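Asker: A structural model of the following input is requested.
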Amino acid sequence: MSLRAELLRLGLRRFFKRRSRHETVEHWRRRLAAAERFVPDFPPGTQTVAVNADGVKADRITSPAGQQDRHILFLHGGGFVAGSPALYRGVTWRIAAAAQACVLAIDYRLAPEHPFPAALEDAVTAYRWLLTDGADPRRIAVIGDSVGGGLTFSLLVKLRDQGVFSPAAAVALSSWTDLALTGPSVRLNAAADPVLNVEDLKKLAACYLAGTDARNPHASPAYADPARLPPTLIQVGSDEILRDDARHMAERLRTAGCEVELEIWPRMPHGWHLFAPLIPEAHQAIKRIGAFVRNRL
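Answerer: Numbering: from 1, shown residues only. Down below sits the predicted model:
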């Protein structure tokens, strides 16, 4: 682990652990909206265009190295209540360049105003829009971070159940797949995780579920049948309280006969890919994502 990553962990711990445990959704939204100001702009040659994907707002990001027939549907994090494509623009252009693909980053509806299954419905709509727009499913990957990682699996299961052609690959980053929070790492990594805590996750799950059973397989893909899902890369930090969400999902995919690669990155904080301007491990992880996607598209 690099010195810069260690320093980042210290900074994240001070930032997140100092927060009040009584923060509201509006507090979280203002905090993430403020963070958008510090995300660097796209580099020269990279373009972003606002898109209406059949009613779902989205940004389409292309890099000079991108192939117009290679597509990525990107699902951002933010606990289902916050986040946006703008917050992730420092990640999406890097993924577009590494995978040599066009990235469609959607601005799905947020809870609690739009609880489950609104975010999933928007992901399905955007994926279907890609197909209608001419994309070949054999040249599409779905990538999600944090709750977007869980949403990635929910989308794959929903598409399969609806009989829609599945994408060729998926990537889940620090994914939250079990909204019931039953993974052992929720307890074992409680002190080590510099970003997340279980009390916040309980609040976020309640906002999103709005009374739906936390074990509903379309809300918590950890409880879904993963049969026939596409090849998947899962990346997670070793100290995350969500580490075992990733492990459990990988085990279920293998048991179902699916191709899956699980990477547990030592001491990486939740969503470390967002810190590509600061730490080399983020660059390395994104390079790995790019290679995985290119090999399958």
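Asker: the strands in this protein, which residues?
Answerer: Under the criterion DSSP state E, the chain carries strands at the ranges 47-53, 56-62, 71-75, 102-106, 140-145, 169-173, 232-237, 260-265.
Asker: any chance of those strands in TSV, plus mean pLDDT, mean neighbour count and distance to L209?
Answerer: In this view, the C-beta of every residue, glycine as well, is placed from N, C-alpha and C. Shown next, in TSV, are the strands of the chain (pLDDT from 0 to 100; neighbours: other Cβ atoms under 10 Å; distance: least, Cβ to Cβ, whole Å):
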stretch	mean pLDDT	mean neighbour count	distance to L209
strand 47-53	96	14	25
strand 56-62	97	21	21
strand 71-75	98	27	18
strand 102-106	98	27	21
strand 140-145	98	28	18
strand 169-173	98	28	20
strand 232-237	98	26	23
strand 260-265	98	18	26
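Asker: For L120, find the nearest of those strands.
Answerer: strand 71-75 (9.8 Å; Cβ to Cβ).
Asker: Pick out the residue closest to the middle of this structure.
Answerer: Geometric centre of the chain, nearest residue: D145, 1.6 Å, by Cα atoms, centre = their mean.
Asker: What separation do you get for that one and P221?
Answerer: D145 is 15 Å from P221, where distance means Cβ to Cβ, to the nearest Å.
Asker: and F80, how many neighbours?
Answerer: F80 is flanked by 30 other residues according to other Cβ atoms under 10 Å.
Asker: Excluding sequence neighbours, find me the nearest residue to it.
Answerer: Spatially, and ignoring its direct neighbours in sequence, F80 is nearest to Y208 (3.9 Å; Cβ to Cβ, 6 or more residues apart in numbering).
Asker: will you turn the strands of the chain into TSV that also has distance to R14?
Answerer: Below are the strands of the chain laid out as TSV (distance: least, Cβ to Cβ, whole Å):
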stretch	distance to R14
strand 47-53	32
strand 56-62	32
strand 71-75	29
strand 102-106	29
strand 140-145	22
strand 169-173	23
strand 232-237	18
strand 260-265	22
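Asker: I'd guessed the residue nearest to F80 sits against A219; true?
Answerer: Yes. At 7.3 Å, Y208 counts as touching A219 under the criterion of Cβ atoms under 8 Å.
Asker: So which of the two has more stuff around it?
Answerer: Neighbour count, other Cβ under 10 Å: between Y208 and A219, A219 has more, with 28 against 24.
Asker: so how far is P40 from the more buried one?
Answerer: Distance from A219 to P40, counting by Cβ to Cβ: 34 Å.
Asker: can you check C258 too?
Answerer: Applying Cβ to Cβ to C258 and P40 gives a distance of 36 Å.
Asker: now D54
Answerer: 31 Å.
Asker: Those two: which is more packed in?
Answerer: Between D54 and P40, D54 has the larger neighbour count (other Cβ under 10 Å), namely 14 against 10.
Asker: which ones are touching that one?
Answerer: Neighbouring residues of D54 by Cβ atoms under 8 Å, 6 or more residues apart in numbering: T125, A126, R128, W129, T132.
Asker: How about T46?
Answerer: T46 neighbours (Cβ under 8 Å, 6+ apart): I61, T62, S63, P64, W93, A96, A97.
Asker: do that again at 6 Å, thanks
Answerer: By Cβ atoms under 6 Å, 6 or more residues apart in numbering, T46 lies in contact with S63, W93.
Asker: Now do the closest residue to D59 other than its chain neighbours against S174, distance only.
Answerer: Counting by Cβ to Cβ, 6+ apart, D59 lies nearest to P85, which is 4.4 Å off, once chain neighbours are set aside. Separation of P85 from S174 (Cβ to Cβ): 18 Å.
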